[in-house]
Structures are given as structure tokens and as C-alpha cells.
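1. Sequence below, structure please.
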Amino acid sequence: MVKKIIKNGLLVDGYGHEPKKDQVVVVDDKTIDYVGPEADYRVTGEEEIIDANGGTVLPGFIDTHVHMMMEYHPVSEKLSTPFSFMYYKAQEYLKATLNAGITSVRDALGTDQGVKRAVEEGLIAGPRMQLSINALTITGGHGDGYTVSGNVVDILPSGYPGMPHGMCDGKEEVRKKTREMLRAGAEVIKVHATGGVLSATDHPEFTQFSLEELKVIVEEGKFRKGVKVMAHAQGAEGIKNAVRAGIHSIEHGIFIDDEAIELMLENGTFLVPTLLAPVAVLETAKDVGMPDTAVEKSKEVIEQHKESFTKAYRAGVKIAMGTDAGVMKHGTNLRELGLMADAGMSPMETIVASTKTAAECLGWENKVGTIEQGKLADIIVVKGNPLEDIYSLSNNDTIQVVIKDGKIEKNLLIK
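-> Below you'll find the predicted structure:
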């Protein structure tokens, strides 16, 4: 395979270092072969040249909380849509995510091994994926599709081959259900430790699962060579239970308090804030038929969510970018960086949260997240300098080139 040389761009390597000029990045097959001064690299003349045109070269972004099999739609539309149609729609979602500069994701429920394999074998285009399969939830909790009518309308289908249902109560049911997710191919376990915004019969501050039940989930993951657990956790008590149980990352963290922050610092727990999620609920409520309960709860939590993020960030909690994409349109992921900047992060810190720290959250820091020799060639080229306008990244036309595993997946620089 012909080597690729990316040149004539400002290099932001993912470490938070000062950006560098006059650098080149050389890609050989799937990996990065050289990063350094252009003057120190001997060109053979056979390489493919990618001219960044004065833009910025960055690592591929990583979204640590997505739902690749869905975008929220009215219940009536769900009921009139054939089951298998969601797989064909997912092709669009995967491509839109890649076009936005997201080269790796952690799927927080709903995607099975077949979709991941289709991407890995090149049948469809999409980001690299880490799967949770489905989330564990209690009867009547977030993830239980029971409605006040008595009917069950789950946000995504489950209970079909490769996608176990996640409802479980009590330590032994929890243990068995965790094992079912692992058997189905879960690379990270997802648990709903509190209620949520989108569920009809609970509230974000409601606590789900006991500390003992959460410890069982963590224990089962450890038996499988250290499979980590991610917890949807919005209320303070549920957050603290999750951290005390040894859970790896807190998703959302809307009502974080000082004690929760101290526990997260002590345990090295990641926060995946998904600031975009409640914002998107309010923006799209009419168009996609969001239930009134979700709209009211979003209005209630949105400012608290931002305050909790700022408090955790200032305290030094490790923050990895995640969006809850699927609640909103896929491909709009990088709006999250602007929201993190609004809440106190510098533009460079938002980029590090979306690259290096996100890779660490997934346990993939040895292969992605930074631009350095030997790592996988996940690289993007963007128009201009995002450090001067972090909000520009939310426009997909700003993302000029996307390279994943050394393969050019998008190139707007070709006229």
C-alpha cells in the first residue's frame, strides 16, 4: 500500500501540547509511521500527498456514549416500522458519525456483534466500536418500556438473537443477566444505576440497583479479564453507589455532589457528561415526538447538569467526551465540545477529552487517541484552527478529511 503524507497543517496531537507547525504525519498501511518536522523526513516521491491547506490535523475523535442503532422517532413511527429496517438505517447513522470526524465509539446499548463485524469487514462504513449489547435495568426503572397505559414500548427492540433483554432484579438475576450480556459479546457492561429523562415511570434522581447488586456486575466483569462497567447515573445516591461498587465510568452525572466527586477522584472514575442530550431533547421535542415527561425533566435538569460538569471538571475528575447520540441526530456529536467549553473547559481541553482521555476510558490508549508513531492511523483534517473557534467543529463541512485505520473515509480537499 502506498504511504500517505499529511502536510501543510497545524498539528494538534491529542496530548494537549502546544500545536506545531511544519510537521508531517506519515501513514503506512493502517498505522502512523512518522510524526515530526517535515524537514527531517525523506520523501521518496511515491507517497500519496494529503495537503491540509493550512488547516489543522488532529487524532480521530472518540465518542464514548452513543446508540448506533437508533435515532429517536415518534412511537407511532416505531410501531409501523419493520424490525429489520433499523439495520439499514444504522448504515446511515454509522456513516454520518464517521463524516463528523468520529472514528471510534462506545455503544451504550442496542448494537449487536453483527453490526460491528459488518464494519470491521468493510461491508459498511462506520467508526470502530466497543459494544455493551444492552443495559441492565430494574423492573419499573430506566430502560423498562412499561407505559402508564400498561403497554410496553421499549426504546429499542430486545430479546432477539444476539440482543438479550436487560431487565433483572436481585443479586442472582443480575449475575445471570450480566453473564448473558458477556455471552452476547459485551466488551463493556452497561447498567442503569438511576432513573432517567426519557423513561416515563421514574425520575433521574431515583436510585436503581443496590450497592450489592452493582458489586456483582463489577465482579462478573472482572472474571472476564477486566471487562469494565459503565453506569447511567444521574442522581447523587446512584452515582455514589456506582463508584463505591467499582464502576469505571459515570454517564451523565447530572446531580453530582461533593461527596460523589471525592469518591470519583479517589477511585479514578471517569465522567462522561453528555451535555448535549437534554439540550437536544428540548430542541427536537416537537419534531420527533418526545414525550411530555422527557421535555419537563430536561427543562428541570439542564442547568444542574452544566453546574455539575463544571464542579467535577474544576475538581480534576477525568472527563471523556460522550454525547448520547441517537437521542439526537448522529453526526451532530461535536456540538458537545462547544458545550463543554461553555461550561468551563478550554478548547484544547475539550479536544483532549475527545481524544486521549476518551481512548483511556475505553482502554484503547495504546492504539488510538493521539497522533504518534505506531498507533493506528485515525486522523482527521479540519478547516481552520478549532482552538480559535471550537464551535466550528459542529459543522461537518469543517471536517475535511477523515482517515480510519489508514483508509481515507472522507476527503473534501479533492476538488
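2. tell me which residues in stretch 185-203 are buried?
-> 185-200, 202-203 (16 or more other C-beta atoms under 10 Å). Using the backbone N, CA and C atoms, a C-beta is placed for each residue, glycine as well.
3. In strands, which of these fall?
-> The subset of the buried residues of stretch 185-203 located in strands under the criterion DSSP state E comprises 189-192.
4. Among those, which one sits closest to Pro157?
-> Lowest distance from Pro157 to these (C-beta to C-beta) belongs to Lys190, with 16.4 Å.
5. what does the model give that closest one for pLDDT?
-> According to the prediction, Lys190 has pLDDT 98.
6. likewise Ser149?
-> Reported pLDDT for Ser149: 75.
7. list the helices and strands the longest helix belonging to the chain packs on?
-> The helix spanning the most residues in the chain, taking DSSP state H as the definition, is helix 292-315. Applying 3 or more C-beta pairs under 8 Å, 6 or more residues apart in numbering; DSSP states H and E, we find helix 292-315 packed against helix 258-267, helix 276-288, strand 318-319, helix 335-342.
8. and those as a markdown table, adding mean pLDDT and distance to Pro74?
-> Below are the helices and strands packed on helix 292-315 laid out as a markdown table (pLDDT from 0 to 100; distance: least, C-beta to C-beta, whole Å):
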| stretch | mean pLDDT | distance to Pro74 |
| --- | --- | --- |
| helix 258-267 | 98 | 35 |
| helix 276-288 | 81 | 6 |
| strand 318-319 | 98 | 33 |
| helix 335-342 | 98 | 23 |
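9. Any chance of the ones you listed in JSON lines with distance to Ser298 and mean neighbour count as columns?
-> Compiled in JSON lines, those are given as follows (distance: least, C-beta to C-beta, whole Å; neighbours: other C-beta atoms under 10 Å):
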{"stretch": "helix 258-267", "distance to Ser298": "21", "mean neighbour count": "17"}
{"stretch": "helix 276-288", "distance to Ser298": "4", "mean neighbour count": "19"}
{"stretch": "strand 318-319", "distance to Ser298": "21", "mean neighbour count": "21"}
{"stretch": "helix 335-342", "distance to Ser298": "14", "mean neighbour count": "22"}
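10. Kindly reformat the ones you listed as JSON lines containing distance to Gly326.
-> Shown next, in JSON lines, are the helices and strands packed on helix 292-315 (distance: least, C-beta to C-beta, whole Å):
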{"stretch": "helix 258-267", "distance to Gly326": "25"}
{"stretch": "helix 276-288", "distance to Gly326": "10"}
{"stretch": "strand 318-319", "distance to Gly326": "21"}
{"stretch": "helix 335-342", "distance to Gly326": "14"}
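11. and Glu220, how many neighbours does it have?
-> Using other C-beta atoms under 10 Å, Glu220 has 20 other residues around it.
12. still on that earlier bit, so for Tyr160, which of the helices and strands packed on helix 292-315 sits nearest?
-> The nearest among these, by C-beta to C-beta, is helix 276-288 at 24.1 Å.
13. For Ser76, which three-state class applies?
-> helix (DSSP: H, G, I helix; E, B strand; the rest coil).
14. mind checking pLDDT for it?
-> pLDDT at Ser76 comes out at 79.
15. For Ala277, see how far away it is.
-> Here Ser76 is placed at a distance of 23 Å from Ala277 (C-beta to C-beta, to the nearest Å).
16. Fine by me, thanks again.
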